[in-house]
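Q: my questions concern the predicted model and sequence given below.
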Amino acid sequence: MSTKYTEVLCIGLGLSGVCLGVQLQRKYQFTDVHFYERDASHSGTWYVNRYPGCACDIPAIFYSYSFEPNASWSRLLPPRDEIWRYLDGVVEKYNLRPRMTFRTESAAKSGRFIFRDLESGRQYIHECRLLFSAVGVLATPKEPNIPGKETFKGPMFHTARWRDDVELRNKSVVVVGNGCSASQMIPQITPLTKTLTQFIRTPHWLLEGENPSYSALMQWAFRRIPFLARLVRLYMFIILEKDGWRLFPGNETGARLRRAAEKRSKEFIFRVAPMKYHNILVPDYEMACKRRVIDTDSAYLRSLHAPNLHLTKDSIIEILPTGIRTATAAYPADVIIMATGFQANNGLGPLQIRGRGGEWLSDRWNRRGGPGAYNNTAVHGYPNFMVILGPNSGTGHAPATMAIENTVKYALTIVAPILSGDANEVEVTAAAEDAYLDRLQAASVDKVWNGPCGNWYVTADGWNSTLYPWSQTYSGGGVHSQYDRIGHISITNLGLARRCSGQISY
């Protein structure tokens, strides 16, 4: 079995992995890094999600990295293909492609990373000094455990595994789920189908979203007027922090803002959706307890008027060979599409990591109560290992790109002595990690997402494994560096031997 070596190894090539590769070059002039990705291309969720209507629901100016602004977005909320092309351009500009290996997954083994090529089955070893997990949050589809799935005779697939070979025209289609993917997809496919039945379990608060185009003049201004794009980005950030973040706290201000937002959402639903669906569409929990859904140009609510579409909250009892059975009816189906989201709160996705004492990180997190890392990045007992967009990196109101940039900046600050050759091991202290996680969980207690809405932010036992309980202003405002100055990170010079193998088992 052949062996490869690079100083830095990164698993995952979505927004986080690309950002890491670029910032290693920009800030540290460092290129001895290799990336592995199980899919056939970079860009993570923006590669795998190719369902009709897939698009950004955060203003596109935030899907430009701050260090690589994009003046060519066609509209405020661009389609998936534009985002992928932007990321592909970043990869090309920084010549990251030669350091990428696709269609490869890791197999954990004591002391080393064994990689397997998913096409040929060939296995090989890759050793490193620093390991980064950039597997992302929206990576592994969540497949509902519905009895009878194996009996269905037609195509059945998840939106993140879209099948272009399946014909929907003049077919009876069932969609299970009602989050962002479903709301974007259903307006696109309903006109093609004979019938479309959508099953809702828990409704989401729907927000009216406009999607204006960017004119050629505006694109020219973004390219030619210094700092214009940055000023617009700053303005949008201030709006998101002011109107978005303040929805979460359990104080009177938060409650008042949530009531106002709920009122606007109800007015939107009652104005646009068919009256017969009003009771189905309006949630019975507080705004912002679950992820809100942007209905761009009111396309989803308007599609509910289609005569071939039926919306129901009937609970699915089983999948039949030719459809779905509920307690009250049987629904025929030629095709079943699962729009049921992702396994988003386990911290590492499918990646398995074993630490200095031989304990799997997933077991340690289960023993503790849930996933967690110091400043959402470093774990005691797992030296030279950093998580990008890991536990508690989500914001609920701001774009993932902002959290990613903050995390990458912090992680590279920690490992800088290794990159410069002055040390070969960094590790957060146990006391610092414990104190940080206790403070984080305490700060999460009064947040609205702890309500009875069944979200993917909080585990069944009440452990917040997903959301950052403070603002992004706080996250990016230098708070991380003050912790390190008081000794929360241990830096060791052990002779600069290759340390990935033997210190941590991957």
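A: Good, I have the coordinates.
Q: please make it C-alpha for all contacts and neighbour counts, starting now.
A: OK.
Q: ranges for the helices of the stretch 151-300 of the chain?
A: 180-189, 216-224, 228-239, 252-272, 278-281, 299-303 (DSSP state H, counting those that start in this stretch).
Q: same question for the stretch 351-500 of the chain.
A: 361-368, 400-419, 430-444, 472-476, 479-485, 500-503.
Q: least reliable of those helices going by mean pLDDT?
A: If you rank the helices of the stretch 351-500 of the chain by mean pLDDT, helix 500-503 sits at the bottom with a mean of 33.
Q: rewinding a little: can you redo the helices of the stretch 351-500 of the chain as JSON lines with distance to Gln184 and mean neighbour count?
A: Shown next, in JSON lines, are these (distance: least, C-alpha to C-alpha, whole Å; neighbours: other C-alpha atoms under 10 Å):
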{"stretch": "helix 361-368", "distance to Gln184": "34", "mean neighbour count": "14"}
{"stretch": "helix 400-419", "distance to Gln184": "19", "mean neighbour count": "20"}
{"stretch": "helix 430-444", "distance to Gln184": "31", "mean neighbour count": "16"}
{"stretch": "helix 472-476", "distance to Gln184": "27", "mean neighbour count": "16"}
{"stretch": "helix 479-485", "distance to Gln184": "37", "mean neighbour count": "13"}
{"stretch": "helix 500-503", "distance to Gln184": "43", "mean neighbour count": "20"}
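Q: closest to Asp39 out of the ones you listed?
A: helix 400-419 (20.3 Å; C-alpha to C-alpha).
Q: now for the closest one, which elements pack on it?
A: Counting by 3 or more C-alpha pairs under 8 Å, 6 or more residues apart in numbering; DSSP states H and E, the packing neighbours recorded for helix 400-419 are helix 15-28, strand 425-428, helix 472-476.
Q: mind redoing it with 10 Å?
A: helix 15-28, strand 130-133, strand 385-387, strand 425-428, helix 472-476, helix 479-485, strand 489-492 (3 or more C-alpha pairs under 10 Å, 6 or more residues apart in numbering; DSSP states H and E).
Q: distance from the chain centre to the fifth one, please.
A: To tie it back to what came earlier, the one meant is helix 472-476. Distance of helix 472-476 from the chain centroid (C-alpha atoms, centre = their mean, to the nearest Å) equals 19 Å.
Q: can you say which of the helices and strands packed on helix 400-419 is packed in most?
A: strand 385-387 (a mean of 28; mean count of other C-alpha atoms under 10 Å).
Q: list the contacts of that one.
A: 9-11, 16, 129-136, 347-348, 353, 355, 373-379, 393, 407-408, 410-412, 414-415, 425-427, 500, 504 (C-alpha atoms under 10 Å, 6 or more residues apart in numbering).
Q: could you redo the last one with a cut-off of 7 Å?
A: Leu130, Leu131, Phe132, Ser133, Ala134, Thr377, Ala378, Ala411 (C-alpha atoms under 7 Å, 6 or more residues apart in numbering).
Q: neighbours around the fifth one, how many?
A: The criterion is other C-alpha atoms under 10 Å. On that basis, Ala134 has 30 neighbouring residues.
Q: right, and it touches Ile404 too?
A: No - with contacts counted by C-alpha atoms under 7 Å, Ala134 stays clear of Ile404, the gap being 9.7 Å.
Q: please enumerate the shared neighbours of these two.
A: Common neighbours of Ala134 and Ile404, using C-alpha under 7 Å, 6+ apart, are Ser16, Ile388, Leu389.
Q: low pLDDT regions in the stretch 201-350 of the chain?
A: Residues of the stretch 201-350 of the chain meeting the criterion pLDDT under 70: 345.
Q: and Gly370, how far from Leu437?
A: 10 Å (C-alpha to C-alpha, to the nearest Å).
Q: repeat that for Val90.
A: Distance, Val90 to Leu437, by C-alpha to C-alpha: 35 Å.
Q: strands paired with the helix or strand hosting Ile336, and their directions?
A: Here Ile336 sits within strand 335-338, counting by DSSP states H and E. Looking at strand 335-338 with DSSP bridges, its partner strands are strand 156-158 (parallel), strand 172-176 (parallel).
Q: can you list contacts of it?
A: Gly154, Pro155, Met156, Phe157, His158, Thr159, Ser172, Val173, Val174, Val175, Val176, Gly177.
Q: that strand: how far from the chain's middle?
A: 22 Å.
Q: could you do stretch 234-250 as well?
A: 19 Å.
Q: try stretch 42-51
A: Distance, centroid of stretch 42-51 to centroid of chain: 11 Å (C-alpha atoms, centre = their mean).
Q: quick one: average pLDDT of that stretch?
A: 93.
Q: next, the buried residues of it.
A: Across stretch 42-51, burial judged by 16 or more other C-alpha atoms under 10 Å covers His42, Ser43, Gly44, Thr45, Trp46, Tyr47, Val48, Asn49, Arg50, Tyr51.
Q: re the thing from before, can you say which of the helices and strands packed on helix 400-419 is nearest to Leu231?
A: Minimum separation from Leu231 across the helices and strands packed on helix 400-419 (C-alpha to C-alpha) falls at helix 472-476, 16.0 Å.
Q: CA atoms of that closest one as PDB?
A: The C-alpha trace of helix 472-476 is given here as PDB (Å, rounded to 0.1, in the frame of the first residue of the first chain):
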ATOM      1  CA  GLN A 472     -21.300  37.200  14.600                       C
ATOM      2  CA  THR A 473     -20.000  40.600  15.700                       C
ATOM      3  CA  TYR A 474     -18.800  38.900  18.900                       C
ATOM      4  CA  SER A 475     -17.400  35.900  17.000                       C
ATOM      5  CA  GLY A 476     -15.400  38.000  14.600                       C
END
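Q: quick one: contacts of it?
A: The contact list for helix 472-476 (C-alpha under 7 Å, 6+ apart) reads Asn406.
Q: next: stretch 15-23.
A: With C-alpha under 7 Å, 6+ apart, stretch 15-23 has contacts from Cys10, Ser43, Gly44, Val91, Tyr94, Leu96, Ala134, Ile388, Leu389, Ile404, Val408.
Q: which two of those residues have the greatest separation?
A: Pairwise over the contacts of stretch 15-23, using C-alpha to C-alpha, the maximum falls at Tyr94 and Leu389, 21.5 Å.
Q: just want to know which of those two has more residues nearby.
A: Neighbour count, other C-alpha under 10 Å: between Tyr94 and Leu389, Leu389 has more, with 29 against 14.
Q: would you agree that one is in contact with Ile404?
A: Yes - between Leu389 and Ile404 there is a contact under C-alpha under 7 Å: 5.8 Å.
Q: what are the ranges of the strands in the stretch 101-250 of the chain?
A: Here the stretch 101-250 of the chain has its strands, by DSSP state E, counting those that start in this stretch, at 104-109, 112-117, 123-127, 130-133, 156-158, 172-176, 195-199, 206-209.
Q: nearest to Leu231, out of those strands?
A: strand 206-209 (21.8 Å).
Q: can I get the closest one in PDB, CA atoms only?
A: C-alpha atoms of strand 206-209 as PDB (Å, rounded to 0.1, in the frame of the first residue of the first chain):
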ATOM      1  CA  LEU A 206     -42.400  31.500   5.700                       C
ATOM      2  CA  LEU A 207     -40.900  34.800   4.900                       C
ATOM      3  CA  GLU A 208     -41.600  36.800   1.800                       C
ATOM      4  CA  GLY A 209     -38.500  37.300  -0.300                       C
END
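Q: what number of residues lie near Gly421?
A: The local packing of Gly421 (other C-alpha under 10 Å) involves 11 other residues.
Q: adjust the sequence numbering to begin at 750 for everything that follows.
A: OK, 750 is where the count begins now, so the last one is Gly1170.
Q: that one and Arg848: what is the separation?
A: 21 Å.
Q: circling back: now tabulate the helices and strands packed on helix 1149-1168 in JSON lines and tack on distance to Tyr1034.
A: Compiled in JSON lines, those are given as follows (distance: least, C-alpha to C-alpha, whole Å):
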{"stretch": "helix 764-777", "distance to Tyr1034": "32"}
{"stretch": "strand 879-882", "distance to Tyr1034": "35"}
{"stretch": "strand 1134-1136", "distance to Tyr1034": "33"}
{"stretch": "strand 1174-1177", "distance to Tyr1034": "39"}
{"stretch": "helix 1221-1225", "distance to Tyr1034": "25"}
{"stretch": "helix 1228-1234", "distance to Tyr1034": "33"}
{"stretch": "strand 1238-1241", "distance to Tyr1034": "41"}
